[in-house]
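Visitor: coords please:
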Amino acid sequence: MTLTELLIPTYRQMLQALALWLRKAEAQVDNADALSAARLAPDMFPLSTQVRFACVQAYEGAYRLRHEPLPAALEALLDEGRNGGDRPGTMAEALARIDEALAFLDGLAPDALDAGAGRPLALELPTGIAFDLDGEGYARDWALSQFYFHLMAAYAILRNQGVDLGKADYVQHMFAFLRPGTAPAG
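Guide: Sure thing, here's the model as predicted:
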């Protein structure tokens, strides 16, 4: 399996799931926009930031594995996320960020990330911490784990705020592989 075959479908299916969770929140909660400011703990980022950072991870993986600088628009999205506590935005804005990330992923070539697999990659964080790894290590140890961290934080915030979500919402992509006759009745 190539990095493109691993990452792009993963980003796509889980961003689509995230959009479904937000739409469920809109349908179930009187003021869904208020959920954008919800957080699990006082020192955690709010839902709006978790959504933005999940989108950032999808972009960032593609840029880093192609050894391209992060564009100004991605830096702006990061700043939006960092400021999500003060300006959480709306569900419509969160859904728009997801749609933009999906459109970006759809525009990538079928082998867009593969050349970066064995190449050295320096990951330098704003805190000054730096990691030296190759593209495969970056995909496995950073890109996927960071992406899933923000997805799970968003999922947990929504559940904590009373949105009726379950495992089937998290793994909705698996229903494409469901063996006929094996789904529970009811």
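
Visitor: ok but residue 123 is inside a strand, no?
Guide: Yes - remark: residue 123 belongs to a strand, assigned using DSSP: H, G, I helix; E, B strand; the rest coil.

Visitor: Not counting its neighbours along the chain, what's nearest it?
Guide: Using Cβ to Cβ, 6 or more residues apart in numbering and skipping residues adjacent in sequence, the residue nearest residue 123 is residue 131, 4.4 Å away. All C-beta spots, glycine's among them, are computed from the backbone N, C-alpha and C.

Visitor: got it, and residue 102?
Guide: residue 15 (5.7 Å).

Visitor: pLDDT at the one you found, what is it?
Guide: Note for residue 15: predicted pLDDT of 98.

Visitor: How about residue 175?
Guide: Model confidence at residue 175 (pLDDT) stands at 89.

Visitor: While we're on the closest residue to it other than its chain neighbours, how confident is the model there?
Guide: Spatial nearest neighbour of residue 175, chain neighbours left out: residue 168 (7.8 Å); criterion: Cβ to Cβ, 6+ apart. Residue 168 is assigned a pLDDT of 90 by the prediction.

Visitor: circling back to that earlier point, the residue nearest to residue 123 belongs to a strand, doesn't it?
Guide: Yes - per three-state DSSP, residue 131 lies within a strand segment.

Visitor: The residue nearest to residue 102 sits in which helix or strand?
Guide: Under the criterion of DSSP states H and E, residue 15 resides in helix 3-28.

Visitor: Next up, the contacts around the residue nearest to the spatial centre of the chain.
Guide: The residue lying closest to the centre of the chain (Cα atoms, centre = their mean) is residue 54, at 2.5 Å. Going by Cβ atoms under 8 Å, 6 or more residues apart in numbering, residue 54 touches 14, 15, 18, 147, 150, 151, 154.
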